[in-house]
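K.L.:
Return a 3D structure for these sequence lines:
(one chain, ligands or ions: 1)
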Amino acid sequence: MTEFFITTPIYYVNDVPHLGHAYSMINADAFARWHRGIGDEVFFLTGTDEHGQKVADSADAASMSVTEWTDLYAQRFKDAWEKLDIAYDDFIRTTEKRHEVAVRKFLQALYDNGHIYLGTYTGSYCVSCEAYYSANDAVDGLCPVHRRPLIEMEEENYFFRLSAFQDQLVKWYDDDPTAVFPDFRRNEALSFIRGGLEDVSISRTSLSWGIPLPWDERHVCYVWFDALINYLTAIGYDGAGYERFWEHSHHLVGKDIIRFHCVWWPAMCMAAGIAPPQKVLVHGWLLVKGEKMAKSGGNGVDPIDLAGIYGADAVRYYLLREHALGADGDFSIEALEHRYNVDLANNIGNLLSRVTNVVDKSLGGVAPRATGNVLDFAEVKEHVDRASRAWSAFGSAQVLEEVQLLVRMANAALEERAPWKLRDANEIGAILGDALEILRLVAILVSPVLVESAPKIFAAIGLEMSAISSSYSQALEVGLYQGGMTIAKAAPLFPRKGQARAR
Ligand code: MSP
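P.N.:
I've put the predicted structure just below:
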């Protein structure tokens with residue numbers, strides 16, 4: 001047992017959440033649930049990023065006060081996460097007092113350590129990114145991400161001496177080759193660092209919506225500088241939570257915010273005199289017909305609507321199964337329905353109904369125990385071990401692939417031996433007992449994903465999931481299903497859906 005601190009980015013409250021945001025959340029939630037399951041002390045943090053120009057402009061455009069606006073939109077994120085069964089331990093809003101206190105303390109440490117100076121910023125800014133761009137970054141004078149006009153700015157700003165941390169950053173990457181996952185993202189960050197770093201502007205005077213700098217209140221902190229510090233605020237910067245969780249920190253972020261998390265943030269930590277984060281996990285984008293899903297792109301899918309139609313479990317399963325962490329992946333309703341119908345309804349759901357049905361009809365409802373006489377338990381163990389290792393290595397797509405292989409083993413044995421046609425109770429029991437064991441193991445392995453259905457599978461085979469909470473490693477030993485309990489034919493877990501029905 002150890003500590004596991006996992007964070008998501010904190011989301012801008014300029015608009016409502018879409019499925020791209022949900023993708024980060026579902027990944028983080030599944031990792032958090034897996035680690036709770038194996039007995040780790042987990043702290044799962046998410047929240048909202050509420051300062052900066054973009055949020056202030058959105059409130060203005062709606063003729064609302066920024067506070068009214070941020071309250072409303074922060075709640076929309078909370079509502080979406082509730083609908084998707086996201087079980088975070090803390091939800092931080094950057095407008096909270098505790099955050100202001102931590103930010104001012106962190107900035108003061110940087111200032112006192114001599115890493116901040118006053119200068120003049122001349123250059124371009126993209127409000128959608130809340131990021132500064134040099135002439136080289138701009139594409140035809142437009143933001144390289146949003147293809148929107150950049151705002152020309154000239155302001156007296158405080159700067160953070162990022163350039164002074166180049167060597168220390170390279171050393172950090174060299175010392176811990178696994179600090180950024182996956183590897184190709186690590187290389188991307190490292191080559192950016194090796195290419196030379198410029199100091200960054202960390203304050204604004206043209207904007208008042210932000211946290212004032214402790215040594216010069218005419219300036220408010222640049223939104224990214226304030227936002228990154230949330231990871232420390234929430235665990236209690238300088239307190240017991242920090243001592244306990246910081247060295248176990250895992251930041252899950254999208255590929256568009258690598259520069260902030262893999263370059264700035266570790267350097268900011270070094271400048272403040274604390275250790276850089278333990279790991280940054282970088283995921284790709286959810287695309288729609290090849291384009292990034294985004295509210296501004298008009299292709300944002302509402303996670304609340306989707307969960308309403310297919311259920312949170314199906315949305316979670318589809319996103320984790322289809323999109324390995326790191327790569328971009330296309331979203332489509334057809335693919336979601338296909339996964340739902342094939343993996344969930346036909347494979348897992350069908351296995352459960354067949355097995356419980358035959359126990360009910362041929363064995364008087366009394367569940368037989370697992371023996372390993374029908375299925376090769378050594379092979380089962382290999383799949384289970386690979387799946388457990390994949391969970392601990394952030395490979396949820398691989399976990400779910402192993403799960404499907406297990407289900408297929410059991411379904412194939414049922415097809416081949418057709419226990420519903422047999423008469424000998426021992427023979428029937430041997431087949432069903434092993435299939436029940438597969439269902440038990442599968443339910444544990446998918447419980448971080450199918451959070452509503454996994455306990456139902458457990459209950460349907462006469463077990464209680466709460467009895468194994470935080471002891472997944474022991475419960476995943478193969479062959480533990482004892483049988484003896486009375487079970488009934490299970491109600492269908494995943495009624496078939498939509499277009500893909502005909503396939
Ligand atoms: N507020 C900053 C993060 C500060 S963290 C200290 C921010 N917010 S955001 O709302 O614009 O994006 C939050 C996260 O959502 C990012 O990791 C981003 O990559 C992710 N996604 C936004 N659209 C996405 C997709 N279409 N697909 C996957 N993730 C996407 O950046």
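
K.L.:
Name the helix or strand for Pro17, please.
P.N.:
For Pro17, there is no host helix or strand (DSSP states H and E).

K.L.:
Tell me the pLDDT of the residue nearest to it when sequence neighbours are not counted.
P.N.:
Spatial nearest neighbour of Pro17, excluding adjacent residues (Cβ to Cβ, 6 or more residues apart in numbering): Ala80 at 4.5 Å. No exception for glycine: its C-beta is placed from N, CA and C like everyone else's. In this model, Ala80 is scored at 98, pLDDT.

K.L.:
The strand or helix carrying Ala80 and the ligand, any residue contact?
P.N.:
Element membership of Ala80, judged by DSSP H and E, is helix 66-83. No - shown here: helix 66-83 not in contact with the ligand (Cβ under 6 Å from any ligand atom), separated by at least 9.2 Å.

K.L.:
Does anything pack onto that helix? Which helices or strands?
P.N.:
Other helices and strands packing on helix 66-83, by 3 or more Cβ pairs under 8 Å, 6 or more residues apart in numbering; DSSP states H and E, are helix 19-37, strand 41-49, helix 53-61, strand 90-93, helix 303-310.

K.L.:
ok, then the element right after the last one?
P.N.:
Where DSSP H and E defines the elements, the next helix or strand beyond helix 303-310 is helix 312-322.

K.L.:
mean confidence for the following helix or strand past that next one?
P.N.:
Tracing the chain past helix 312-322, the next element assigned as helix or strand by DSSP H and E is strand 329-330. Mean pLDDT, strand 329-330: 94.

K.L.:
go on, stretch 375-389?
P.N.:
98.

K.L.:
Dump that stretch to CSV, keeping only the CA atoms.
P.N.:
Only the C-alpha atoms of stretch 375-389 are listed here, as CSV (Å, rounded to 0.1, in the frame of the first residue of the first chain):
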residue,chain,number,x,y,z
LEU,A,375,-10.9,-23.7,-18.3
ASP,A,376,-7.1,-23.5,-18.2
PHE,A,377,-6.6,-21.5,-15.0
ALA,A,378,-2.9,-20.9,-15.8
GLU,A,379,-4.0,-19.1,-19.0
VAL,A,380,-6.7,-17.3,-17.0
LYS,A,381,-4.1,-16.1,-14.6
GLU,A,382,-1.9,-14.8,-17.4
HIS,A,383,-4.7,-12.6,-18.6
VAL,A,384,-5.5,-11.4,-15.1
ASP,A,385,-1.9,-10.6,-14.3
ARG,A,386,-1.5,-8.8,-17.6
ALA,A,387,-4.7,-6.8,-16.9
SER,A,388,-3.5,-5.9,-13.3
ARG,A,389,-0.1,-4.8,-14.6
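
K.L.:
Buried residues of that stretch, list them for me.
P.N.:
If you call a residue buried by 16 or more other Cβ atoms under 10 Å, then stretch 375-389 has these buried ones: Leu375, Phe377, Val380, Lys381, His383, Val384, Arg386, Ala387, Ser388.

K.L.:
Next, His251: phi, psi?
P.N.:
Dihedral pair for His251: phi -100, psi 120, per degrees, to the nearest 10.

K.L.:
contacting residues around it?
P.N.:
Thr7, Tyr231, His261, Trp265, Pro277, Lys279, Val280, Leu281 (Cβ atoms under 8 Å, 6 or more residues apart in numbering).

K.L.:
pLDDT wise, what is it at?
P.N.:
The model's pLDDT for His251 equals 98.

K.L.:
Please tell me how far it sits from Val282.
P.N.:
In this view, His251 and Val282 are 9 Å apart by Cβ to Cβ, to the nearest Å.

K.L.:
Give me the neighbour count for the closest residue to Ala314 other than its chain neighbours.
P.N.:
Nearest non-adjacent residue to Ala314, counting by Cβ to Cβ, 6+ apart: Tyr340, 4.9 Å away. Each residue near Tyr340 was counted by other Cβ atoms under 10 Å, and the total is 25.

K.L.:
what ranges of this structure fall below the confidence cut-off?
P.N.:
499-503 (pLDDT under 70).

K.L.:
Domain map for it?
P.N.:
What automatic domain parsing lists as the domains of the chain is 3-307, 333-502.

K.L.:
And the longest one, end to end?
P.N.:
It refers to domain 3-307. Its first and final residues considered, domain 3-307 spans 31 Å by Cα to Cα, to the nearest Å.

K.L.:
now stretch 369-379
P.N.:
19 Å.

K.L.:
Doesn't Tyr121 belong to a helix?
P.N.:
No - using DSSP: H, G, I helix; E, B strand; the rest coil, the secondary structure at Tyr121 is strand, not a helix.
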